[in-house]
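A.B. asks: Model the following, please.
(2 chains)
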Amino acid sequence: MKRALLIIAVVAVLLIWILLRPPSADNHDGTSSLRPAPGFTLTDLSGNKLSLADYRGKVVLLDFWATWCAPCKEEIPHFIDMQNHYGAQGLQVVGISMDDDEKPVREFQQQFKMNYPIALGTTQLADQYGGAFGLPITFVIDREGRIVSRHIGQTKPEVFEAEIQKLLQK
Amino acid sequence: MHAADSTNMKTIAPEELVRTLTASKGTKPLLFHVGSHMLYVQAHIPGSEYLGAGATPQGVQNLAKRVATLRKNTAIILYCGCCPWNHCPNVNPAYDTLVRLGFTNVKVLYLAQNFGVDWVTRGYPTARGE
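C.D. replies: Presented below is the predicted three-dimensional model:
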């Protein structure tokens, strides 16, 4: 009898915990727990101001990359395609190059005909985003300026597309 | 551009290097970072020296100059960790340079994914800055 009461009590506590627990930070639908994307203002390669705040209301794909990074080079043509395909629906791709010099970035931008803004990153900016100790690292940010996901290393384009499509519908 | 190829290079695993660096006895190897300066400034192995990207002529020149007065059997560990191992453009040219110069005790730190995943997030020691 005592054992049955104990089991009932444990089950009751578990049920209460399941019903009352806060949404998980990994649950992309529990958007209230998402972390705000750290703001920044840089100057892009064209000399224009590049501020994350200016893209509030858009879905932002923020890519930390470099010209010497082979996986980055493989991802970038897909980002160009996504900007072409989803730009009118509210996607904005932003590239933060972690190169030490601007010259190779400028050459790369022209060679790949990159259709989204590129700025040279700083260690301070990388720190704000948890550090860029290896590349690529790509963040998907929702229309409210919150980080929905972080992708370390080369990621399949269909993974980004699925996240972006979902966020663009909101 | 050459990607890292472990079949041609002697490598050392991160955990083995940590053991070597933290051991109370034994000679410590020289540690040379041959990757991106931006990444080095954010986090590097304490005591390691930045010599420039091994894929660049300047990096190779810096490396050759740094080792010019060293004995050929000096223990040297090279590392980068900018990208996944088989995509790293820096460690192979740096390793080849040291071998060509006659160094016999050179190893490359094997970082399968990158320095962040295989060193920083594993809690191994790091330092910041120049």
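A.B. asks: Low-confidence stretches in chain B?
C.D. replies: Where chain B drops to pLDDT under 70, the residues are B:1-7.
A.B. asks: Can you tell me which residues in it are near chain A?
C.D. replies: B:3, B:36-39, B:41-43, B:53, B:55, B:81-84, B:87, B:89-90, B:111, B:113-117, B:119-120 (Cβ under 8 Å from any Cβ of the partner chain). The way it works is simple: take the backbone N, C-alpha and C, and place the C-beta from them, glycine included.
A.B. asks: For A:Thr155, give me its contacts.
C.D. replies: Under the criterion of Cβ atoms under 8 Å, 6 or more residues apart in numbering or on different chains, the neighbours of A:Thr155 are A:Glu75, A:Pro136, A:Thr138.
A.B. asks: if we go to 10 Å?
C.D. replies: For A:Thr155, the contact set (Cβ atoms under 10 Å, 6 or more residues apart in numbering or on different chains) comprises A:Pro71, A:Glu75, A:His78, A:Pro136, A:Ile137, A:Thr138, A:Ser149, A:Glu163.
A.B. asks: Go ahead and report the secondary structure state at it.
C.D. replies: Per DSSP: H, G, I helix; E, B strand; the rest coil, the secondary structure class of A:Thr155 is coil.
A.B. asks: ok, now B:Lys25?
C.D. replies: B:Lys25 falls in the coil class when you classify it by three-state DSSP.
A.B. asks: cool, A:Phe79 as well?
C.D. replies: Put simply, A:Phe79 is helix when judged by three-state DSSP.
A.B. asks: Just the endpoints, please. Distance across stretch A:141-157?
C.D. replies: Separation of the first and last residues of stretch A:141-157 by Cα to Cα, to the nearest Å is 16 Å.
A.B. asks: buried stuff in it?
C.D. replies: A:Ile141, A:Asp142, A:Gly145, A:Ile147, A:Val148, A:Ser149, A:His151, A:Ile152, A:Gly153, A:Gln154, A:Thr155 (16 or more other Cβ atoms under 10 Å in any protein chain shown).
A.B. asks: same check, this time on stretch A:115-128
C.D. replies: Neighbour-count burial for stretch A:115-128 flags A:Tyr116, A:Pro117, A:Ile118, A:Ala119, A:Leu120, A:Gly121, A:Thr123, A:Leu125, A:Ala126 (criterion: 16+ other Cβ under 10 Å).
A.B. asks: for the residues you listed, which one is nearest B:Asn73?
C.D. replies: A:Thr123 (36.3 Å; Cβ to Cβ).
A.B. asks: Tell me, how many residues neighbour B:Val41?
C.D. replies: Per other Cβ atoms under 10 Å in any protein chain shown, the neighbour tally for B:Val41 reads 16.
A.B. asks: is it true that it lies in a helix?
C.D. replies: Yes: checked against three-state DSSP, B:Val41 lies within a helix.
A.B. asks: which ones are touching it?
C.D. replies: A:Asp100, A:Thr122, A:Thr123, A:Ala126, B:Tyr50, B:Arg128, B:Gly129, B:Glu130.
A.B. asks: just checking, next helix/strand downstream of whatever helix or strand B:Tyr95 lives in?
C.D. replies: Secondary structure from DSSP states H and E places B:Tyr95 in helix B:91-100. Sequence order places strand B:106-109 as the next helix or strand after helix B:91-100, per DSSP H and E.
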